[in-house]
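Student: Turn this into a structure:
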Amino acid sequence: MKSIQTIGILGGGAWATALAQAMHGSGKKATLFARNQSVVDDINKTHINSSYLPGILLDASIQASSDVAGLKNCDAILLTVPAQYMRQACERIKAHVVKTTPLIICAKGIETNTATLMADIVKEAFPDNIIAVLSGPTFAAEVAKGLPSAVTIAASALDIAKHLCEQLGSRTFRPYASADVVGVEIAGALKNVMAIGCGVVIGKGLGENARTALMTRGLREMTRLAVASGGKQETLMGLSGLGDLVLTCGSTQSRNMSLGLALGRGERLDSILKNRVSVAEGVSTSLAAQLLAKKRHVDMPITDAVVSVLHHNADIGAMMEQLLSRPLTTE
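Tutor: Predicted coordinates for the structure are as follows:
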């Protein structure tokens, strides 16, 4: 496998921008490929993505472009578009991706209508390319500031994942290798659903005991679905599982947790989403996770409750009562 020097980052949001800064920190030349021309112009002229990551100055060497033809010159491509647009994005760049270029998925989600994981969508579009997944407990602003962060990079073969970790890591951005693509993907997607649930709990005033209980039982749900889908239980105990769950469920920096917080305080979902520029992946992923769970015959009561609140206007109090009325069982 060849050395990676030039990295293309597909997307113009906060995470894409933070990863560009992190890749610069690892000694790479990073270019953002964004559809929004105002984001492109902003980064190139002011070195700040004021729309999605305001107040953080990027290195002047980081460039942005709206012309995806430039991806053909990249040694690796990070795919950071929202999960529900991944299939569309792959089609848009298909003609410009060289078969030897590794594609690293940095989105956390499951396709809503099909319950398809991102790696399967990307593999369908690029059957000859190396496909990997980057996931873990990270807030974009902290990564962009160069604060210490650790993530997981998973690929179908451990030696490929290790190579990507060596190429993309730095002193403050530390990737750890895994061969469990399915486990890493499901962990990253489902923790957003659990974060919405935790936000609801706090917004409703149910306390820290309830939040911790939901996180812990939510981790069991995540693990059951991952294992039933071919993932490994131990993956869910690592950075991409437990680590990301703790971060996302414990801070209002999390878009998903803060959305749940607003719901718990009585705000309407449509009103919350209307006032945001960034995507809370857990809203769409909740439906996809529920569909995948049904396909795998996995019981996921917390996910079902989140779906009912988000998509069926269920009363939050009634959903909590339903969860609390479930039969007691072993841990």
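Student: use CA for all of it now, contacts and neighbours both
Tutor: Will do.
Student: Quick check: buried residues in stretch 287-294?
Tutor: Neighbour-count burial for stretch 287-294 flags L287, A288, A289, Q290, L291, L292, A293 (criterion: 16 or more other CA atoms under 10 Å).
Student: Look at the fourth one and give its secondary structure.
Tutor: At Q290 the chain is in helix, as set by DSSP: H, G, I helix; E, B strand; the rest coil.
Student: Can you give me the distance of it to L53?
Tutor: 32 Å (CA to CA, to the nearest Å).
Student: what are the ranges of the strands in the stretch 101-250 of the chain?
Tutor: Remark: strands assigned in the stretch 101-250 of the chain by DSSP state E, counting those that start in this stretch are 103-105, 131-135, 149-155, 173-178.
Student: so which of those is the most packed in?
Tutor: strand 131-135 (a mean of 26; mean count of other CA atoms under 10 Å).
Student: tell me the mean pLDDT for that strand?
Tutor: What strand 131-135 shows for mean pLDDT is 98.
Student: Just the C-alphas of that strand, formatted as PDB.
Tutor: Provided in PDB are the C-alpha atoms of strand 131-135 (Å, rounded to 0.1, in the frame of the first residue of the first chain):
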ATOM      1  CA  ILE A 131     -13.200   0.900   1.900                       C
ATOM      2  CA  ALA A 132     -12.600   1.800   5.600                       C
ATOM      3  CA  VAL A 133     -14.600   3.500   8.400                       C
ATOM      4  CA  LEU A 134     -13.300   6.200  10.700                       C
ATOM      5  CA  SER A 135     -15.400   6.600  13.900                       C
END
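Student: Which neighbouring elements make contact with that strand?
Tutor: For strand 131-135, the packing partners by 3 or more CA pairs under 8 Å, 6 or more residues apart in numbering; DSSP states H and E come out as strand 103-105, helix 118-125, strand 149-155, helix 181-203.
Student: Now tabulate those in TSV and tack on distance to A314 and mean pLDDT.
Tutor: Output for the helices and strands packed on strand 131-135, formatted as TSV (distance: least, CA to CA, whole Å; pLDDT from 0 to 100):
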stretch	distance to A314	mean pLDDT
strand 103-105	34	98
helix 118-125	29	98
strand 149-155	35	98
helix 181-203	13	96
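Student: Distance to H24 added to the ones you listed, as a markdown table?
Tutor: Shown next, in a markdown table, are the helices and strands packed on strand 131-135 (distance: least, CA to CA, whole Å):
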| stretch | distance to H24 |
| --- | --- |
| strand 103-105 | 16 |
| helix 118-125 | 25 |
| strand 149-155 | 15 |
| helix 181-203 | 24 |
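Student: ranking those by burial, who's on top?
Tutor: Most buried among the helices and strands packed on strand 131-135, counting by mean count of other CA under 10 Å: helix 181-203, with a mean of 28.
Student: what angle separates that helix from strand 149-155?
Tutor: Here helix 181-203 points in a direction 140 degrees away from that of strand 149-155 (axes from the mean of the first three to the mean of the last three CA atoms, to 10 degrees).
Student: quick one, what contacts Q253?
Tutor: By CA atoms under 8 Å, 6 or more residues apart in numbering, Q253 lies in contact with F139.
Student: how near is it to S135?
Tutor: Distance, Q253 to S135, using CA to CA: 17 Å.
Student: ditto for A150
Tutor: Counting by CA to CA, the gap from A150 to S135 is 9 Å.
Student: Could I get the contacting residues of the residue lying closest to S50 once chain neighbours are set aside?
Tutor: Excluding the flanking residues, the one nearest S50 by CA to CA, 6 or more residues apart in numbering is D42, at 7.2 Å. If a contact means CA under 8 Å, 6+ apart, then D42 has I48, N49, S50 as its contacts.
Student: Do you know the pLDDT at the most centrally placed residue in the chain?
Tutor: Residue closest to the average C-alpha location in the chain (CA atoms, centre = their mean): K108, at 2.6 Å. Per-residue pLDDT puts K108 at 96.
Student: Surely it touches Y85?
Tutor: No: K108 sits out of contact with Y85 when judged by CA atoms under 8 Å, with a separation of 11.6 Å.
Student: Outside of the helix or strand bottoming out on mean pLDDT in the chain itself, list whatever touches it.
Tutor: Using mean pLDDT, DSSP states H and E, the weakest-scoring helix or strand in the chain turns out to be helix 316-324, at a mean of 81. Defining contact as CA under 8 Å, 6+ apart, one finds that helix 316-324 is touched by G264, P301, I302, A305, S308, V309.
Student: Tell me which two in those are the farthest apart.
Tutor: Largest separation among the contacts of helix 316-324 by CA to CA: G264 and P301, giving 18.2 Å.
Student: more crowded one of these two?
Tutor: G264 (24 against 17; other CA atoms under 10 Å).
Student: Give me the pLDDT for the more buried one.
Tutor: According to the prediction, G264 has pLDDT 94.
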